[in-house]
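Enquirer: Dropping the sequence and predicted coords here.
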Amino acid sequence: MGRWRALLWLGPSLALIAAVVLYPAVALVRASLSRYSITGVHQGSVGAANYARLLEQEALPTVVANTVLWVAAIVLVTVVVSLGLAQLLNEDFPGRRLVRWALIVPWAASVIMTSKLFVWIYDYYFGILNHALLALRLVTAPVDWLGNDATVMAAMIAVGIFVSLPFTTYVVLAGLSAIPGEVYEAARVDGASAWRTYWSVTVPLLRPALLVAVVLNVIYVFNSFPIVWTLNDRNPGFAHDTMITYMYKIAFKSSLRDVGLAAALGVVNVLVILVAVLLYLRTVSWREAEA
Amino acid sequence: MRRALTALGVLGAAATLLLSACDRGAERSGGSGKSITVVIAEYSKDHTKPFWQGLSEQYTKQGGVKVDLRIIDWNSIDQQVSTMIQASQPPDVLNLNSFSSYAKDQLLYSADDVLSPKTRDDFIEAFARGGEYQGKLYGFPILSSARAFFYNKDLFARAGLAGPPKTWDEFVHAARKIQALGGGVIGYALPLGPEEAQAEWAIWMWNNGGDWKSGNGWAINSDKNVQTLRFLADLANRYGVTQINPGKTNRTDGAFQLFKDGRVGMVMGFSPLAAQLDAEKKVSYGVAAMPTAAGQSVTLGVEDYLMAFKKTGNQDAVKRFLDLYYQPENITRWITAEGFLPVTKSGLQQMSSNAQLKPYLDALPNARLAPTTDPAWDRVKLDVQQNIGLAVQPGGNPKQVLDQLQKNAVVAAGSR
């Protein structure tokens, strides 16, 4: 009887989860096992054939490598820079409130708008970046940041870092303010240097916050669509796509135009991110960090 | 207590969502004749929605059938229509730039089912042919446009050029002269990035005597076409008369932007570009026929379509809607507002007095259409958009790119 009553309370959230998480997941798996015509007409089940065809795609290795670089570079740089930024914002200085607010802006702005803005900042002919670099004599000729194969990925990663910084900094900042003053006092009494205090007191106590920051960022960055889509839209082929934009191109923009194949990649994407997060949590032994 | 209320509230909201989703589904798929769904691509923010909203209201007043009107931007229309069809809830009337795949999937009414003979006979013959699949008209022309050759008069004067080039030799000469002006001036803006590469490519291809197909088969890698693509690669890499990375430049935010800024001597444009140039008044430009290496200048005509989806009980309602749109005063009012070209004989008559449209209307008789009547085209187009730019990049291999496109086209033609 008691169990049923619990279900009554859980019911609403269970219904919501079923509608917005479970149903789409089931629909995705079902789509990945089906064949669709180019217009979207369902043409029956094909078993695992879409998964097999996915592995045959010539672009897949490049796309996977791009994705690893995209996620690793953004998360790593974001976390390192955020540690510094959070440390700065944790200090008391005039105008701190203003700086804290300013940091939220890239987060609050729509990522598509930010991406469009960067398209013009990076532009070969009109972009402010080339103007600035030329004026500072850091380059001798303008650079086609988004058209040059050597610079596109780095240019996109820079935008990825820019939009990831606010959230990460605030997570670290929250972690910093949760560290009690006594431990610093104890360190001082023991005669620890500033550097030593940072490494032996601050960083270990920040571990739970960093854990949250890394896991959430890995998921966000992996799933990020607008930056790559917007900054890379001029480039032919799949040389700079991540698994997310590649999935969209398979479904609607490449000559494949295959919803089933794209759904198969969608399922793979979910599994990849799940496994990556679990592996990460395991290596940092999160239970210990929690304690 | 408060929690219980919140929980109930959430449950209620979830239930409402689910119910309303089911409800909408039933209404649409049933096709009871009480309402039709009309999906229209957004040609411009200013004109598309007001016109179709007005037309829908007029339609509802006449027959009592409601219109669920959805204006969708070009970037996401393919995706949204595909989603509707996957969910077995296709629209009743759809406006798109392709139709033959839908005809092939047997989703559409033919003109015999939903157009009155008067409407059918008013279509300009070339556009009616462009909407045929296996001898029957499925893609009803909704509007058309034609490309034209735009040149910057000031830059031409500065370079000492008398007028727009007529042949490819004259074109290269003009481009080099303009490029030689220096100061970041560009001879020709060549957009072969994914946005509309197939259009730019087709114009050059046709003006060298090549084509997409030869008879019924694809001929993308014909000798003529390899020669054309080598010529375009030379423009970029040998003569250096294009903007940087033409294979990675889109039309709207790339080539057009540079021309509007006055940095470019020549570009392939169309009437909406002219409207923007007229509004900005920054560039003094001329419009001419495409330079050609084949004797007769050819331009690209683009035809967009209206399609009617087969659903039980919607035939009559759809027919009345189409008849309303194709009434001469309606279709011409919209096409004029959007700055496009007519697809009906009556429209052509009405619009021929418009001086601004003259260069495009003049080009229309020599305009050729993309092979949209072939369902394989829908894949070939995407393949060209995604890949042809690679051929004009430094170190690109035009023949290899065209060979691959041809191979994929043959596969697409044989698939399904």
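Expert: Great, that's in hand. Computed from a predicted model, the values in this text were never measured in an experiment. Numbering: from 1, shown residues only, chains lettered A, B, ... in the order given.

Enquirer: where in the chain is pLDDT low?
Expert: In the absence of a named chain, chain A is used. Within chain A, the segments meeting pLDDT under 70 span A:1-2, A:286-291.

Enquirer: The intended chain is chain B.
Expert: B:1-33, B:415-416.

Enquirer: can you pull out the strands in it?
Expert: B:35-41, B:66-72, B:93-96, B:132-133, B:136-137, B:140-152, B:186-188, B:213-214, B:217-218, B:264-270, B:285-288, B:299-308, B:367-369 (DSSP state E).

Enquirer: ok, and the closest non-adjacent residue to B:Arg333?
Expert: Sequence neighbours aside, B:Phe51 is the residue nearest to B:Arg333 in space, at 7.3 Å (criterion: CB to CB, 6 or more residues apart in numbering or on different chains). In this view, the C-beta of every residue, glycine as well, is placed from N, C-alpha and C.

Enquirer: how far away is that neighbour from chain A?
Expert: 27 Å (CB to the nearest CB, to the nearest Å).

Enquirer: residue contacts, that residue?
Expert: Shown in contact with B:Phe51 (CB atoms under 8 Å, 6 or more residues apart in numbering or on different chains): B:Arg333, B:Trp334, B:Ala337.

Enquirer: most neighbours per residue, which of the strands of chain B?
Expert: Highest mean neighbour count among the strands of chain B (mean count of other CB atoms under 10 Å in any protein chain shown): strand B:186-188, with a mean of 27.

Enquirer: wait, does that strand make contact with chain A?
Expert: No - Strand B:186-188 stays clear of chain A (CB under 8 Å from any CB of the partner chain), getting no nearer than 8.9 Å.

Enquirer: contacts for that strand?
Expert: B:171, B:174-179, B:235, B:239, B:241-243, B:258, B:263-267.

Enquirer: PyMOL command to pick out the buried ones of those?
Expert: Remark: buried members of those, expressed as a PyMOL selection using 16 or more other CB atoms under 10 Å in any protein chain shown:
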select buried, chain B and resi 171+174+175+176+177+178+179+235+241+242+243+258+263+264+265+266+267
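
Enquirer: Give me the subset of the contacts of strand B:186-188 that lies in helices.
Expert: B:Phe171, B:Ala174, B:Ala175, B:Arg176, B:Lys177, B:Ile178, B:Gln179, B:Leu235, B:Leu258 (DSSP state H).

Enquirer: and those near chain A, which?
Expert: Within those, those near chain A by CB under 8 Å from any CB are B:Leu258.

Enquirer: and of the ones in helices among the contacts of strand B:186-188, the nearest to A:Tyr184?
Expert: Among the ones in helices among the contacts of strand B:186-188, B:Leu258 lies closest to A:Tyr184 (CB to CB), at 58.1 Å.

Enquirer: and the closest one, what does it touch?
Expert: A:Tyr125, B:Ile186, B:Ala189, B:Gln243, B:Val264, B:Val267.

Enquirer: Roughly how far does the fourth one sit from A:Leu138?
Expert: Right, B:Gln243. Distance, B:Gln243 to A:Leu138, by CB to CB, to the nearest Å: 23 Å.

Enquirer: could you dump the strands of chain B to JSON lines with distance to B:Pro359?
Expert: Formatted as JSON lines, these follow (distance: least, CB to CB, whole Å):
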{"stretch": "strand B:35-41", "distance to B:Pro359": "25"}
{"stretch": "strand B:66-72", "distance to B:Pro359": "29"}
{"stretch": "strand B:93-96", "distance to B:Pro359": "26"}
{"stretch": "strand B:132-133", "distance to B:Pro359": "28"}
{"stretch": "strand B:136-137", "distance to B:Pro359": "29"}
{"stretch": "strand B:140-152", "distance to B:Pro359": "5"}
{"stretch": "strand B:186-188", "distance to B:Pro359": "19"}
{"stretch": "strand B:213-214", "distance to B:Pro359": "28"}
{"stretch": "strand B:217-218", "distance to B:Pro359": "32"}
{"stretch": "strand B:264-270", "distance to B:Pro359": "10"}
{"stretch": "strand B:285-288", "distance to B:Pro359": "4"}
{"stretch": "strand B:299-308", "distance to B:Pro359": "10"}
{"stretch": "strand B:367-369", "distance to B:Pro359": "12"}
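
Enquirer: and of those, who's closest to B:Gln385?
Expert: That would be, of the strands of chain B and by CB to CB, strand B:299-308, which comes in at 14.4 Å.

Enquirer: Is the closest one positioned near chain A?
Expert: No - judged by CB under 8 Å from any CB, strand B:299-308 stays clear of chain A, getting no closer than 10.5 Å.

Enquirer: From B:Lys381, how far out is B:Gly54?
Expert: 32 Å.

Enquirer: Tell me which of those two has more neighbours.
Expert: Shown here are B:Gly54 and B:Lys381; by other CB atoms under 10 Å in any protein chain shown, B:Lys381 has more neighbours (22 against 13).

Enquirer: my guess is the more buried one contacts B:Gln198, does it?
Expert: Yes - shown here, B:Lys381 and B:Gln198 form a contact pair, counting by CB atoms under 8 Å, at 5.1 Å.

Enquirer: shared neighbours of the two, anything?
Expert: Contacts common to B:Lys381 and B:Gln198, judged by CB under 8 Å, 6+ apart, are B:Ala370.

Enquirer: Please identify the residue of the stretch 51-200 of chain A positioned nearest to chain B.
Expert: Proximity of the stretch 51-200 of chain A to chain B (CB to the nearest CB) peaks at A:Gly147, 3.7 Å away.

Enquirer: And for the closest residue to that residue other than its chain neighbours, the neighbour number?
Expert: Nearest residue to A:Gly147 in three dimensions, chain neighbours excluded: B:Asn245, at 3.7 Å (CB to CB, 6+ apart). Neighbour count of B:Asn245, defined by other CB under 10 Å: 24.
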